[in-house]
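Q: Curious how this folds, go ahead:
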Amino acid sequence: MKLVLQGAALPTFLLENIARATGAERIEPRPPQSTHFHGACRTNEFEQLLPLIEAEKLDWAFVASNTKLSDFGLICFDMDSTLITIECIDELADFAGKKAEVSAVTEAAMRGEIDYRESLRRRLALMAGLDARVLARVFGERLLLSPGARELLDACQQAGLRTAILSGGFTYFTERLRIELGFDFATSNELEISGGKLTGRVVGDIIDANAKAQHLARLRDELGLRKEQVIAVGDGANDLLMMAEAGLSVAYHAKPATRAKADISINFGGLDSLLALFD
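A: Next up, the predicted model:
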């Protein structure tokens, strides 16, 4: 195994303590901002250093040595607050004058306190009657890719991975991102629109945590991949089932419950931080 730390400069005293705690055989600085500890083991002594590591705003991960990005065949992203910086439903609610109400439900759902299906129904009901033209404004004025998203996606595509957006969000946004960024697949909820207004409902079945996991498993099987050849990236409780279907689960700026169950957490850096883990 190797330990990869990245982010700000690694203080010498911390580097020495980490090397000692993990029994690292070799330390390899990789400019501009990562350090690889080869032959490292995760120990209780290392765990005791985590508050110091996180105080320095360093991301860390133990990964198998010599792992290459090309060893994987599929990477799946959640959309809201993962691939992009916003929660689209919260921004739609802002135009309806109900952002605070909707955001509160969104946060509770992401923490796993409310069933996702129920939370989506509640939030959408608050936006019944909203002019559908607002969708274009959210996409054009407020939607931004998360830092490092394009770089990670480009690297994955160049390494031969297939790419997917699996989201409990909305097709208006996922389809535009799929086309703009060259994703191979996208799955999400379709907003129902009547007379140019949102009805407060979705068309067909709700894409929830179970559905996201099922879609990942289906893509994995259709592509003839093993579980260990799949990466899943998410931030909320409704991503955990999807992440459990992947060989490498990545929590991106995630809620505590999601970080606790992920193989790797990116808490400070951009999505492209994932690239530093591979040889």
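
Q: By residue count, which helix of the protein is the longest?
A: Longest helix of the chain, by residue count under DSSP state H: helix 209-222.

Q: next structured bit after it?
A: strand 230-234 (DSSP states H and E).

Q: Nearest residue to the most centrally placed residue in the chain in space, please, no chain neighbours.
A: Closest residue to the average C-alpha location of the chain: residue 234 at 2.8 Å, with Cα atoms, centre = their mean. Nearest residue to residue 234, sequence neighbours excluded (Cβ to Cβ, 6 or more residues apart in numbering): residue 78, at 3.9 Å. The C-beta positions use only the backbone N, C-alpha and C, and glycine is treated the same way.

Q: Any figure for the gap between residue 27 and residue 8?
A: Remark: distance between residue 27 and residue 8 (Cβ to Cβ, to the nearest Å) = 17 Å.

Q: So for the two, which sits in the more crowded spot?
A: Set residue 27 next to residue 8 and count neighbours by other Cβ atoms under 10 Å: residue 27 wins out with 17 against 12.

Q: where does the more buried one land in three-state SS?
A: Following DSSP: H, G, I helix; E, B strand; the rest coil, we place residue 27 in the strand state.

Q: Quickly list what it is bridged to.
A: Under DSSP bridges, the beta-bridge partners of residue 27 are residue 37.

Q: where's it relative to residue 123, distance?
A: Remark: distance between residue 27 and residue 123 (Cβ to Cβ) = 48 Å.

Q: so which helix or strand takes in residue 201?
A: strand 197-203.

Q: If you count neighbours, what's buried in that strand?
A: 197-202 (16 or more other Cβ atoms under 10 Å).

Q: Surely residue 267 touches residue 54?
A: Yes: the pair residue 267 / residue 54 is scored as a contact, 7.2 Å apart, by Cβ atoms under 8 Å.

Q: Show me where the chain dips below the pLDDT cut-off.
A: Along the chain, no part satisfies pLDDT under 70.

Q: Do a quick rundown of the helices in the protein.
A: Listed in chain order, the helices of the chain (DSSP H) span 12-22, 44-55, 88-95, 99-110, 116-125, 134-137, 149-158, 171-181, 209-222, 240-244, 256-261.

Q: so which of the ones you listed comes closest to residue 72?
A: helix 149-158 (7.9 Å; Cβ to Cβ).

Q: Keeping just the C-alphas, turn that closest one into CSV.
A: These are the backbone C-alpha positions of helix 149-158, laid out as CSV (Å, rounded to 0.1, in the frame of the first residue of the first chain):
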residue,chain,number,x,y,z
ALA,A,149,-14.2,18.3,-12.7
ARG,A,150,-13.2,18.9,-16.2
GLU,A,151,-9.6,17.9,-15.6
LEU,A,152,-10.7,14.6,-14.0
LEU,A,153,-13.2,13.9,-16.7
ASP,A,154,-10.6,14.6,-19.4
ALA,A,155,-8.1,12.3,-17.8
CYS,A,156,-10.6,9.5,-17.4
GLN,A,157,-11.7,9.7,-21.0
GLN,A,158,-8.1,9.7,-22.2
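
Q: and the nearest residue to residue 60 once chain neighbours are set aside, what are its bridge partners?
A: Once flanking residues are discounted, residue 60 sits nearest to residue 5: 4.9 Å by Cβ to Cβ, 6+ apart. Note on residue 5: beta-bridge partners by DSSP bridges are residue 35, residue 60.

Q: Let me know whether the residue nearest to residue 234 touches residue 166 as I believe.
A: Yes: assessed by Cβ under 8 Å, residue 78 is found in contact with residue 166 at 6.7 Å.

Q: what touches both of the two?
A: Counting by Cβ atoms under 8 Å, 6 or more residues apart in numbering, the residues touching both residue 78 and residue 166 are 212, 242.

Q: So residue 245 sits against residue 229, correct?
A: No: between residue 245 and residue 229 there is no contact under Cβ under 8 Å: 11.8 Å.

Q: So these two - more neighbours on which side?
A: Using other Cβ under 10 Å as the criterion, residue 245 and residue 229 rank with residue 245 on top: 20 against 17.
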